[in-house]
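Trainee: the following comprises the amino acid sequence and a computationally predicted model.
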Protein chains: 2
Amino acid sequence: MAGLSSRSAVAIHALAMLANRREGSLTSAEIADSLESNPVMVRRVLGRLRDADLVWSTEGRGGGWSLARPPRNITLYDAYVAVEEGRIFSRHTRPPSGACEVGRNIGDLLDAEFQSAERALEERLDRTTVADLLQRILAADKEPADH
Amino acid sequence: MAGLSSRSAVAIHALAMLANRREGSLTSAEIADSLESNPVMVRRVLGRLRDADLVWSTEGRGGGWSLARPPRNITLYDAYVAVEEGRIFSRHTRPPSGACEVGRNIGDLLDAEFQSAERALEERLDRTTVADLLQRILAADKEPADH
DNA sequence: CAAAACTGTAACTACAACAATTACAGTTCA
DNA sequence: TGAACTGTAATTGTTGTAGTTACAGTTTTG
């Protein structure tokens, strides 16, 4: 448990590509190419984004993936919460001893602290939209390579 | 990678117990009892806290663990950074394709977003001291059980 | 209609981090 | 000397993830 999965990175990368594509769609193979990864992994992550109504997919020949909302209305938090599950901090693996003054009461209080910290992280993620990110990506692409 | 280890919870629990003990010391066995865990795991976590100068230990008979600073000067962030390693978010497992406008540039920008979110979490953790937490633990212990 | 190009998933392997435990060497004190 | 500690190596079982192959189902195109 050294951290979260790389699904957030995959999801945000894919959302940025879809936003850059404007009206069209992209296949899982095209997205996997950019990620230097595998179409199946991409479909698994994008399947979660679809469950969260961030993208939609069409099957069959000519099918692929598109944004379900304008990139201005999709935040990094939306992607994060769609693909990562549950909490960042692990709580006590077993309930502490009721015989100890600290053990009896720390559970709920520590949980509140951890939740509060996790919420701070989420609020920061929620302040950046996919449109913001794409704009910066395209700006960086126009700069000289050695800068 | 469903999240961080439970070492933060163990560390903070132990720090609260040591703060509650005021001047004395506690053995890893006593702390493990409260955690319903194992003395070896406790010594491993507290070893990291010692490396970060949050606690110190004495060997031999009558030995044990004590705070190295007043609990007012130890924050949950101090514990977190001492026992958890590295980053919360996993980045791209392989560098994205340089052939893609997005792939060429998303690495650094996404890293900055993730770092910023992680910093928000850390700043929230840094606002609670071990003394704060212990005070609330002791207050909760005085309340009626069904409340 | 048949082939091609997609998505949607199941199944499998490999790997790394973690929790948990046993074992034991070294240290200190009574 | 023996009891009570810390410090740490070694081991085991579990879990989540990354990565891959395989293939069934869907849709468009020639």
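Mentor: The structure has been received and is ready for your questions. Not measured: the values here are computed from a predicted model.

Trainee: would you mind measuring from residue A:53 to DNA strand C?
Mentor: Per C-beta to the nearest atom of the strand, to the nearest Å, residue A:53 is found 13 Å from DNA strand C. Heads up, the C-betas are built off the backbone N, CA and C, glycines and all.

Trainee: that residue belongs to a helix, doesn't it?
Mentor: No: assignment of residue A:53 by DSSP: H, G, I helix; E, B strand; the rest coil gives coil, placing it outside any helix.

Trainee: by how many degrees do the lengthiest helix in chain A and helix B:101-125 diverge?
Mentor: Scanning chain A for the helix with the most residues, using DSSP state H, yields helix A:101-125. Per axes from the mean of the first three to the mean of the last three C-alpha atoms, to 10 degrees, the angle that helix A:101-125 makes with helix B:101-125 is 140 degrees.

Trainee: which residues of chain A fall in strands?
Mentor: Assigned by DSSP state E, chain A shows strands spanning A:55-58, A:64-67.

Trainee: how far does the last one sit from the chain's center?
Mentor: What that stands for is strand A:64-67. In terms of C-alpha atoms, centre = their mean, to the nearest Å, the centre of strand A:64-67 is found 16 Å from the chain centre.

Trainee: same check on the first one?
Mentor: Centroid separation between strand A:55-58 and its chain, computed with C-alpha atoms, centre = their mean, is 17 Å.

Trainee: would you turn the strands of chain A into a markdown table with distance to residue B:31 and mean neighbour count?
Mentor: Formatted as a markdown table, the strands of chain A follow (distance: least, C-beta to C-beta, whole Å; neighbours: other C-beta atoms under 10 Å in any protein chain shown):
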| stretch | distance to residue B:31 | mean neighbour count |
| --- | --- | --- |
| strand A:55-58 | 48 | 17 |
| strand A:64-67 | 51 | 20 |
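
Trainee: out of those, nearest to chain B?
Mentor: With C-beta to the nearest C-beta as the measure, strand A:64-67 is the member of the strands of chain A nearest chain B (13.8 Å).

Trainee: coming back round to it: any chance of a markdown table for the strands of chain A, columns distance to residue B:94 and mean pLDDT?
Mentor: Shown next, in a markdown table, are the strands of chain A (distance: least, C-beta to C-beta, whole Å; pLDDT from 0 to 100):
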| stretch | distance to residue B:94 | mean pLDDT |
| --- | --- | --- |
| strand A:55-58 | 23 | 98 |
| strand A:64-67 | 21 | 98 |
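
Trainee: do the longest helix of chain A and DNA strand C meet?
Mentor: No: using C-beta under 7 Å from any atom of the strand, we find that helix A:101-125 stays clear of DNA strand C, coming within 13.5 Å at best.
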